[in-house]
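A.B. asks: Structure for this input, please:
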Amino acid sequence: MGDRWHVEVDRSVCIGSGMCVNHAPGGFRLDSARQSHPADPETDANEKVLTAAEGCPVEAITITLSDSGEVVFPPED
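C.D. replies: Predicted coordinates for the structure are as follows:
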């Protein structure tokens, strides 16, 4: 069994570019205000979701390990 991730989008930072939906169509959706939401905040580790987070132009997406809370993305400085 692989890692489980908790995915969050900071809606105060999200600019609605849609890049997350582009990179991970099943992982994110845009609401009527063009704000991103994870399709399922608790998900299996997924390369497409990670690529979406990495490609967010304003780094609004945070991914942590569900069991420990350890940060997967963005990398800690």
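A.B. asks: Could you list the low-pLDDT ranges of this protein?
C.D. replies: 1, 77 (pLDDT under 70).
A.B. asks: Which parts of it are helices?
C.D. replies: Secondary structure of the chain (DSSP state H): helices at 19-23, 47-55.
A.B. asks: okay but residue 27 is in contact with residue 37, surely?
C.D. replies: No: using C-beta atoms under 8 Å, residue 27 is not in contact with residue 37; the gap is 10.1 Å. (C-beta placed from N, C-alpha, C; glycine too.)
A.B. asks: Looking at those two, which is more packed in?
C.D. replies: With neighbours defined as other C-beta atoms under 10 Å, residue 27 and residue 37 compare such that residue 27 has more, 23 against 16.
A.B. asks: For the nearest residue to the more buried one once chain neighbours are set aside, give its distance to residue 32.
C.D. replies: Using C-beta to C-beta, 6 or more residues apart in numbering and skipping the chain neighbours, the partner closest in space to residue 27 is residue 49 (4.4 Å). Distance, residue 49 to residue 32, using C-beta to C-beta, to the nearest Å: 23 Å.
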